[in-house]
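Peer 1: Using only what follows, build the 3D model:
(one chain, ligands or ions: 1)
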Amino acid sequence: MAQVLLIEDDPAIRSALIRGLTERGHAVDSAAAALPGLESAVTNRPDLVVLDLGLPDLDGTTILRMLRGASRVPVIVATARDDEAEIVAVLDAGADDYLVKPFSAAQLDARIRAVLRRSGDTAADQAVVVGGLRVDPRSREASLDGIALDLTPREFSLLHYLAARAGRVVSKRELLTEVWQLPYGGADKTVDVHLSWLRRKLGETAQEPRYLHALRGVGVRISAPQG
Ligand code: CA
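Peer 2: Numbers count the residues shown, from 1 in each chain. As a prediction, this is how the structure comes out:
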């Protein structure tokens with residue numbers, strides 16, 4: 001999903017996070033110290049930087065100021081201590097969010113997605129149009145052929161997630177982790193139930209789909225009706 005630069009000197013933490021983020025679909029570059037990390041941030045232009053505050057060569061606020069001098073890339077800092085003064089200092093120095101160690105790759109992934117949503121990558125804010133379906137994430141309104149759809153917040157999120165990926169098959173696992181932010185396992189009935197509610201609100205049936213196409217055992221795809 002995102003190109004992430006991880007600056008972390010502890011090899012065990014670094015490899016665990018690289019593995020965990022890669023499993024969640026991110027492309028991860030890493031550096032073991034501040035200076036190579038800064039160089040990579042400038043050269044490789046990642047979507048987001050995860051910065052350990054306890055690095056051998058420079059302290060966290062110095063790194064952040066140097067980074068902010070060169071780039072507006074969103075930064076999540078990882079700190080070993082729940083030290084309020086230090087956290088405030090790095091947020092003031094331009095960090096977007098922070099996590100206190102130890103944290104899991106799943107937690108970090110959730111923060112990465114939240115920061116990227118907030119950082120105003122405007123493509124994510126644009127209304128999505130698929131055939132007669134229009135989904136506007138800013139107002140959280142959706143309509144079909146000009147008529148407003150009465151959706152619950154979850155149905156809206158589900159519809160928006162699928163519509164933003166129109167034509168692509170999205171797995172239930174991806175929906176659970178991205179829309180519900182739940183780990184996969186057993187809960188895929190939840191997805192089925194919400195899909196059937198959404199289908200009803202779109203005025204179609206599983207037997208005669210127009211927009212919402214379920215692919216048994218694979219996932220679901222939104223696409224505009226043919227003809
Ligand atoms: Ca460290």
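
Peer 1: hang on, isn't L144 packed against V129?
Peer 2: No - with contact defined as C-beta atoms under 8 Å, L144 does not reach V129; the gap is 11.1 Å. Using the backbone N, CA and C atoms, a C-beta is placed for each residue, glycine as well.

Peer 1: does E86 sit in a helix or strand, and which one?
Peer 2: Assigned by DSSP states H and E, E86 falls within helix 84-92.

Peer 1: In that helix, which residues are buried?
Peer 2: Residues of helix 84-92 classed as buried: E86, I87, A89, V90 (neighbour count, 16 or more other C-beta atoms under 10 Å).

Peer 1: Quote the end-to-end distance of stretch 159-168.
Peer 2: End-to-end distance of stretch 159-168 (C-alpha to C-alpha, to the nearest Å): 13 Å.

Peer 1: ok now it, how far from the chain's centre?
Peer 2: The chain centroid and the centroid of stretch 159-168 are separated by 15 Å under C-alpha atoms, centre = their mean, to the nearest Å.

Peer 1: Next: stretch 208-225.
Peer 2: Distance, centroid of stretch 208-225 to centroid of chain: 23 Å (C-alpha atoms, centre = their mean).

Peer 1: got a list of contacts for that stretch?
Peer 2: By C-beta atoms under 8 Å, 6 or more residues apart in numbering, the residues outside stretch 208-225 that reach it are 130-133, 159, 162-163, 165-172, 174-175, 195, 198-199, 202-204, 206.

Peer 1: ok, of those residues, which come out buried?
Peer 2: The buried subset of the contacts of stretch 208-225 (16+ other C-beta under 10 Å) comprises 130-131, 133, 159, 162-163, 165-166, 170-172, 174-175, 195, 198-199, 202, 204.

Peer 1: Which element, helix or strand, includes the residue nearest in space to the middle of the chain?
Peer 2: Taking C-alpha atoms, centre = their mean as the criterion, R113 is the residue nearest the geometric centre of the chain, at 2.8 Å. Under the criterion of DSSP H and E, R113 resides in helix 105-118.

Peer 1: Could you list the paired strands of the following helix or strand past that helix along with their orientation?
Peer 2: Sequence order places strand 128-130 as the next helix or strand after helix 105-118, per DSSP H and E. Partners of strand 128-130 in the sheet, by DSSP bridges, are strand 133-136 (antiparallel).

Peer 1: how many other residues sit next to the closest residue to L182 other than its chain neighbours?
Peer 2: Leaving out its chain neighbours, the residue that sits closest to L182 by C-beta to C-beta, 6 or more residues apart in numbering is L176, at 5.0 Å. The local packing of L176 (other C-beta atoms under 10 Å) involves 19 other residues.

Peer 1: about what we covered before: each with direction, which strands does the very next helix or strand once past the helix holding E86 pair with?
Peer 2: Sequence-wise, the next helix or strand downstream of helix 84-92 (DSSP H and E) is strand 97-100. Applying DSSP bridges, strand 97-100 is found paired with strand 75-79 (parallel).

Peer 1: Many thanks, I have nothing further to ask.
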